[in-house]
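1. what follows is a protein structure lacking sequence information:
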């Protein structure tokens, strides 16, 4: 089939390479322009190296974008990690229209941080959805959906890179085959089950040690590796990376006051929250390199009772 790809970054690159690997023709690639000083987009670089037409437009809403897509005479449009708004009169141009990847089980977790929020909210599962894009954000009919469990110690990194990324690439291939062959079905999303969440950025990733240890732990793993759940110590920002939670089982087993370091071991430090402790293995200080939390504690002369969040 002749594919027009709209996407960016490593996911878009992987999708393009998957279509090419099985013999499909990628007739053109639309990539958002890189911001000044940003790294070269992997999709753009890979497409240009393969001699594929690349279009970097400030938006996909104008006549220029529509004319370029129309001239490609594509069988289907594949939207693989798209942050630019793509209107209906653009996505409907290919012979069989377009399909889009979204890393959640729509209609739940619409929005740009749809991988983070299910983990932060303590969901037991998430997944991917291939759907028909409409002008409403992540609101189009579902073509294909696949679910995966979120394990108790999964992080954003493990859920995305080990599960949703490879699953999404294969699902786009599968859905494209169904659509082009006319063998697909489309299901309208149930608005009674729908939710929308905005970006999970630094402001949302700040740790409140007074929250229950389950909430604190879910925030940490849902932000690992980015944006990084964080706290402060002596004016420095500490991003909490690899960690583990431990529940208090009895009143007699409670250690330390909320938000304080309650133990310092050879390989980790423990911080108390409501209902338990967070064992921290690695941290990142002021956006620097990751380092063992125990090494940082020794380097800074931290001790049991040191208060975080100050």
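-> Right, received. Where do you want to start? Just so it is clear, the model here is predicted, and its values are computed rather than measured.
2. domain ranges for this structure?
-> 2-193, 213-300 (automatic domain parsing).
3. of all the ones you listed, which lies closest to residue 308?
-> Residue 308 lies closest to domain 213-300 among the domains of the chain, at 4.7 Å (Cβ to Cβ). Backbone N, C-alpha and C define where each C-beta goes, glycine included.
4. distance from that closest one to the middle of the chain?
-> Averaging C-alpha positions (Cα atoms, centre = their mean, to the nearest Å) puts domain 213-300 23 Å from its chain's average.
5. now it: mean pLDDT?
-> Averaged over domain 213-300, pLDDT sits at 96.
6. what's the span of it from first residue to last?
-> End-to-end distance for domain 213-300: 25 Å, by Cα to Cα, to the nearest Å.
7. which among the domains of the chain is found nearest to residue 201?
-> Nearest to residue 201, of all these, is domain 213-300, at 5.6 Å by Cβ to Cβ.
8. after the host helix or strand of residue 237 comes which helix or strand?
-> Assessed by DSSP states H and E, residue 237 sits inside strand 236-240. The helix or strand immediately downstream of strand 236-240 is strand 243-247, counting by DSSP H and E.
9. by contact count, what packs against that following strand?
-> Applying 3 or more Cβ pairs under 8 Å, 6 or more residues apart in numbering; DSSP states H and E, one finds that strand 243-247 contacts helix 213-222, strand 276-280.
10. 10 Å instead, please
-> Contact here means 3 or more Cβ pairs under 10 Å, 6 or more residues apart in numbering; DSSP states H and E; on that basis strand 243-247 packs against helix 213-222, strand 269-273, strand 276-280.
11. phi first, then psi, for the closest residue to residue 73 other than its chain neighbours.
-> In space, and not counting its chain neighbours, residue 73 is closest to residue 2: 6.7 Å by Cβ to Cβ, 6 or more residues apart in numbering. As for residue 2, its main-chain torsions (degrees, to the nearest 10) stand at phi -100, psi 120.
12. and residue 2, what are its bridge partners?
-> residue 25 (DSSP bridges).
13. the one 4 residues further on too?
-> The residues listed as beta-bridge partners of residue 6 by DSSP bridges are residue 30, residue 79.
14. ok so, going back, export the domains of the chain to JSON lines and tack on mean neighbour count and distance to residue 207?
-> Shown next, in JSON lines, are these (neighbours: other Cβ atoms under 10 Å; distance: least, Cβ to Cβ, whole Å):
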{"stretch": "domain 2-193", "mean neighbour count": "18", "distance to residue 207": "12"}
{"stretch": "domain 213-300", "mean neighbour count": "18", "distance to residue 207": "5"}
